[in-house]
Structures are given as structure tokens and as C-alpha cells.
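Student: predicted structure and sequence below. I'll ask about it afterward.
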Amino acid sequence: MASRLFYGVLLALVLAVLWLLLSGYWFKPLLVGFGVFAVIVALVATARMGLLDGESVPFARLPQYLKYWGWLGAEIFKANIAVVRIAMAPDLNIKPVMTRVAVTAKSDMARTTYANSITLTPGTVTVEVEETGFLVHALTEEFADQDAFRDMERRSIEAVEGKKALEKPRGEA
Amino acid sequence: MDYGFWIDLALDIVSAGFVITGAVFVLAGAIGVIRLPDFYTRMHAAGVTDTLGAEMIVIGLMIQGGLSLITVKLALLGVFVFLTSPTATHAVANAAYKSGLKPLLTRYRPHAGSDDGGAA
């Protein structure tokens, strides 16, 4: 109950700030009133759907996400250069591979973050999501580096579930 | 000495640098989509367009916006592109895979050796 209250207040705060930033109407009572009404409607709908938890309201972990996005941004930059070099080479020379990548992350959020990170990095796309692994299509074998995938998964689990989740022994795969 | 003019000029140059670099990456992605052989490999080239290309243009425009609500909106736009584009890419890739489109998994090198097109 207490955690639902916490996530409710957090969601209301984020929605209010977002409304103010997007509309820019800080001092017009009628319009700000409409904004408050909109926030309350969204809050009630979220509460009724039972979505007030850490998964739907992930803003408490924003610092960890920002740290992860910074690292991911650098990886994406490097991968972009590599893909452009291959695609623009006068002598086009590629050998695409399909590879299976093991997934040990438990929570849906960590698995989604990991799968989307693979897709976001040019040169690799998650084609199929399975219980214990992802099927990944890579432009060449260099992009299908299992160690790089494991490092990316470790970082996405750390961002979504926290450092503690990494220390716990993992089950299958 | 009035530094305002030079600061504005410097910001304009940096901003133009970002927008032009972004546009070059979008162009490279488009050329890649045409050059690469099959659906799955072309998707990788398209990925260049909606990561580095889009984000660099957004950063360039944020510098143009300065400290204003427009910059905040552009930052949110960048975050939303960052979050939604992989989902869309995965949906398309998964649909192709589920409906039985086989990826090309052999070496593709159309200009190998001879200059008349080679293996292609």
C-alpha cells in the first residue's frame, strides 16, 4: 500500500512537470486547472488498472537509467561508424549471421531494455524473443560478439534491477 | 568588448556541425538501404538513420533553441525516438521472421575479383 502511494505521488509529480514543460502555461489559472484535471484523470486510470508499481513508474531509477543511456550512447556511436564504413565500402563485403544470445535477466523490464539495446545498436537486431535467449541478426560476425552481449546484459540488469540483482545466483542458462 | 556576437557565432557553428553530421549519417543510412542485399541487412542501415542521424539533428536544434521550452521539448523528442525506434524495428523484423522470410546467411561480395559484378 505504502509503495503504491509512493509511486502514485511520483507519477503525479512527473505528469505535472511534463504538462507544464510541454504547455508552457505557468500562470493561467484556467489552463493550469485543466492540467491538474488531466493529471488526476491519468492517475485514477493508472491506479484502477493496478499499474502503480516500479515497472510502470520507473522514474525513481532515473539516475541509473541515465548512466546506462550514456554508456549505450557511446556504444551506438561506435557501432554506427562501423555500419556506415561497411555499407559505404566500395568493395561491399558482408556475411550476415543469425546467433542465439543467452538471457538470464528475470524481470520483463530488464529483458526489454536488453532486447531494445541490441536492436538500437546498428548492426544487430533482435528478431525473436524466447524464454532463455534472443535470436539476433547481425550484419557481420564482428557484431555478433557474445562477450559484448553479456556485458550489455550485465549493464542493463544493473540499471533496471540494481547492483544487488547481479550478485544473486542465477538459475538457468 | 562585446563577446555576445562571437558566442552566438560559435554556437551557430557547433549547431550547424551537429545538424550537418546528422544529415550525412541519414544519407549514409539511405545509401546503405539501397546497397545492402536483403531485408534484414537493410534494416541495420536503416538503424543508422534513426539513431545517430536523428539524435545528432535533434542535438543541433537544441543548441539553436538555447535555454528555452523548445529545447526541453526537443530533448523529450530525442528520448522518445530513443525508446520507440527499437520497438518498431523489432516489430518489423519479428513480423518478417514469423512470416517465414529467410535471411541471407552466405557471404555477399558483389564486386569480388573481377570488375563486371563478380558473384552477384
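Tutor: Looks like it came in fine. These numbers come from a predicted model, not from an experiment.

Student: near chain B, which residues of chain A?
Tutor: Counting by CB under 8 Å from any CB of the partner chain, chain A comes close to chain B at A:18, A:21-22, A:24, A:69, A:76-77, A:80, A:83-84, A:87-88, A:90-98, A:115-117, A:119-129, A:135, A:137, A:139. Heads up, the C-betas are built off the backbone N, CA and C, glycines and all.

Student: looking at those residues, which are in strands?
Tutor: A:97-98, A:124-129, A:135, A:137 (DSSP state E).

Student: let's see if you can find the most crowded of those.
Tutor: residue A:125 (30 neighbours; other CB atoms under 10 Å in any protein chain shown).

Student: between the ones in strands among the residues of chain A next to chain B, which is nearest residue A:48?
Tutor: Nearest to residue A:48 among these is residue A:129, at 29.2 Å by CB to CB.

Student: got a list of what the closest one touches?
Tutor: A:111, A:115, A:135, B:94 (CB atoms under 8 Å, 6 or more residues apart in numbering or on different chains).

Student: what mean pLDDT does the helix or strand hosting the first one get?
Tutor: Remark: residue A:111 resides in helix A:108-120, with elements defined by DSSP states H and E. Per-residue pLDDT values across helix A:108-120 average out to 89.

Student: packing partners of that helix?
Tutor: Under the contact definition 3 or more CB pairs under 8 Å, 6 or more residues apart in numbering or on different chains; DSSP states H and E, helix A:108-120 sits against helix A:62-88, strand A:124-129, strand A:133-138, helix A:146-161, helix B:69-98.

Student: save the ones you listed as CSV, and put in distance to residue B:14 and mean pLDDT too.
Tutor: Shown next, in CSV, are those (distance: least, CB to CB, whole Å; pLDDT from 0 to 100):
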stretch, distance to residue B:14, mean pLDDT
helix A:62-88, 17, 90
strand A:124-129, 31, 90
strand A:133-138, 34, 90
helix A:146-161, 30, 88
helix B:69-98, 14, 90
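
Student: next, the buried residues of stretch B:22-29.
Tutor: B:22, B:25-26, B:28-29 (16 or more other CB atoms under 10 Å in any protein chain shown).

Student: same check, this time on stretch B:6-25
Tutor: Quick answer for stretch B:6-25 (16+ other CB under 10 Å): B:15, B:18-19, B:21-22, B:25.

Student: tell me which residues touch residue B:31, please.
Tutor: A:87-88, B:45.

Student: returning to what we had before: from the buried residues of stretch B:6-25, which is closest to chain A?
Tutor: Closest approach to chain A among the buried residues of stretch B:6-25 (CB to the nearest CB): residue B:25, at 6.7 Å.

Student: number of residues surrounding residue B:33?
Tutor: Neighbours around residue B:33, by other CB under 10 Å: 17.

Student: so it is in which element?
Tutor: Applying DSSP H and E, one finds residue B:33 within helix B:4-35.

Student: compute the inter-axis angle for that helix and helix A:62-88.
Tutor: 60 degrees (axes from the mean of the first three to the mean of the last three CA atoms, to 10 degrees).

Student: so how far is the helix or strand just after helix B:4-35 from its chain's centroid?
Tutor: Going down the chain from helix B:4-35, the next helix or strand is helix B:39-48, by DSSP H and E. Distance of helix B:39-48 from the chain centroid (CA atoms, centre = their mean, to the nearest Å) equals 10 Å.

Student: in chain B, what residue comes closest to chain A?
Tutor: residue B:32 (3.2 Å).

Student: now do the least confident helix or strand in chain B by mean pLDDT: everything it contacts.
Tutor: Between all helices and strands in chain B, the lowest mean by mean pLDDT, DSSP states H and E belongs to helix B:39-48, at a mean of 88. Residues from elsewhere that reach helix B:39-48, judged by CB under 8 Å, 6+ apart: A:80, A:83-84, A:87, A:94, A:96, A:119-125, A:127, A:137, A:139, B:25-26, B:28-33, B:35-36, B:89, B:92-93, B:96, B:101, B:103-104, B:108.
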